[in-house]
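Peer 1: Turn this into a structure:
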Amino acid sequence: MEASYRKMKTTGKLDESKVVYKETSPSVHLKDLGPHPIFKGNPDKPMVSFLINVAWGNEYIPEILDVLKKHKIQASFFFDGSWVSKNPNLAKLIYHDGHEIGNHAYSHPDLQQKSEAETMEELKKTNDIIIKTLGIASPKWFGPPSGSFNQQTVETASRLGMHTVLWTVDTVDWKKPATNEMVNRVVSQVGNGSMVLMHPTKPVAEGMEDMITKITEKGFRLGTVSELMSEKRVNGTAWDDE
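Peer 2: Predicted coordinates:
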């Protein structure tokens with residue numbers, strides 16, 4: 001209040017753009033919640049994330065990247081490990097465009113049917129190829145192929161330092177829906193903290209621009225999973241450093 005008063009003292013008028021905020025940390029952090037699947041972000045945070053699972057669909061990736069770059073949007077791409085081993089240059093292109101990289105297992109397995117050791121191998125092998133190919137730290141987020149998981153899956157990912165991420169809204173793009181129908185359905189369903197699942201498909205390539213435009217018109221900012229899960233507010237304007 002004191003800092004806000006000082007900024008508005010000369011005019012003697014309330015100016016909301018000059019209000020100073022000091023952000024406080026929540027009492028409970030994500031790390032305190034234990035190994036549980038995450039389906040959405042903070043329901044009070046006006047942000048939406050695109051989760052793009054990549055195991056196929058190379059022909060549509062450049063167009064999707066171009067639209068994301070045009071709008072200065074960073075998404076979270078979840079890489080299938082075997083795809084990275086076959087497409088290292090495309091994986092590097094996505095990473096160097098500033099997008100977040102997550103783990104999508106190695107061979108698109110049904111993890112509900114896998115043992116703990118098999119699951120560990122799938123996830124660790126993928127982390128290893130991502131680290132080797134991109135020269136980055138181990139991913140923080142894991143997206144189970146086809147959304148198939150159980151508590152063992154979540155705990156295995158946690159032991160590798162990853163949170164298991166599912167989704168709030170599904171494009172169901174693999175069913176090849178009409179682009180405008182897919183866009184309208186997704187946009188109508190997004191809310192604070194939504195995570196939108198998609199793949200590099202024709203409907204997504206055709207509809208990406210429309211989705212971005214309509215989601216932002218609803219007042220949401222688009223960001224990575226890390227940004228969505230961050231304790232930081234979306235619109236911090238003036239901050240008091242004193």
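
Peer 1: all contacts plus neighbour counts: C-alpha atoms, from now on.
Peer 2: Fine.

Peer 1: Would you give the sheet partners of whichever strand or helix holds Phe50, along with the direction of each?
Peer 2: With secondary structure defined by DSSP states H and E, Phe50 is part of strand 47-54. When pairs are called by DSSP bridges, strand 47-54 turns out to pair with strand 76-79 (parallel), strand 195-198 (parallel), strand 221-223 (parallel).

Peer 1: for stretch 184-194, the distance to its chain's centre please.
Peer 2: Remark: stretch 184-194 is offset 14 Å from the chain centroid, using Cα atoms, centre = their mean, to the nearest Å.

Peer 1: which outside residues touch it?
Peer 2: For stretch 184-194, the external contacting residues (Cα atoms under 8 Å, 6 or more residues apart in numbering) are 40-49, 167-171, 196, 211, 214-215, 220, 228.

Peer 1: switch the cut-off to 7 Å
Peer 2: Outside stretch 184-194, the residues that touch it by Cα atoms under 7 Å, 6 or more residues apart in numbering are 40-49, 168-169, 171, 211, 214-215, 228.

Peer 1: Can you flag which of these belong to helices?
Peer 2: The helices, defined by DSSP state H, take in 211, 214-215, 228 from the contacts of stretch 184-194.

Peer 1: as a whole number, average confidence for the longest helix along the chain?
Peer 2: Criterion DSSP H: the longest helix present in the chain is helix 116-134. Mean per-residue pLDDT for helix 116-134: 98.

Peer 1: Helices along this protein, start to end?
Peer 2: 2-8, 61-70, 81-86, 88-96, 116-134, 151-159, 179-189, 202-217, 225-229.

Peer 1: The contacts of stretch 184-194, buried ones only, as a PyMOL selection?
Peer 2: With 16 or more other Cα atoms under 10 Å as the burial test, the buried ones among the contacts of stretch 184-194 are selected in PyMOL as follows:
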select buried, resi 40+41+45+46+47+48+49+168+169+171+211+214+215+228
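
Peer 1: thinking again about what came up before, farthest pair within the ones in helices among the contacts of stretch 184-194?
Peer 2: For these, the maximum inter-member distance is 18.6 Å, found between Lys214 and Leu228 (Cα to Cα).

Peer 1: Quick check: Pro88 touching Leu134?
Peer 2: No - using Cα atoms under 7 Å, Pro88 makes no contact with Leu134, being 8.2 Å away.

Peer 1: Output the contacting helices and strands for the longest helix of the chain.
Peer 2: If you count contacts as 3 or more Cα pairs under 7 Å, 6 or more residues apart in numbering; DSSP states H and E, helix 116-134 packs onto helix 81-86, helix 151-159.

Peer 1: switch the cut-off to 6 Å
Peer 2: Helix 116-134 is packed against no helix or strand, with contacts defined by 3 or more Cα pairs under 6 Å, 6 or more residues apart in numbering; DSSP states H and E.
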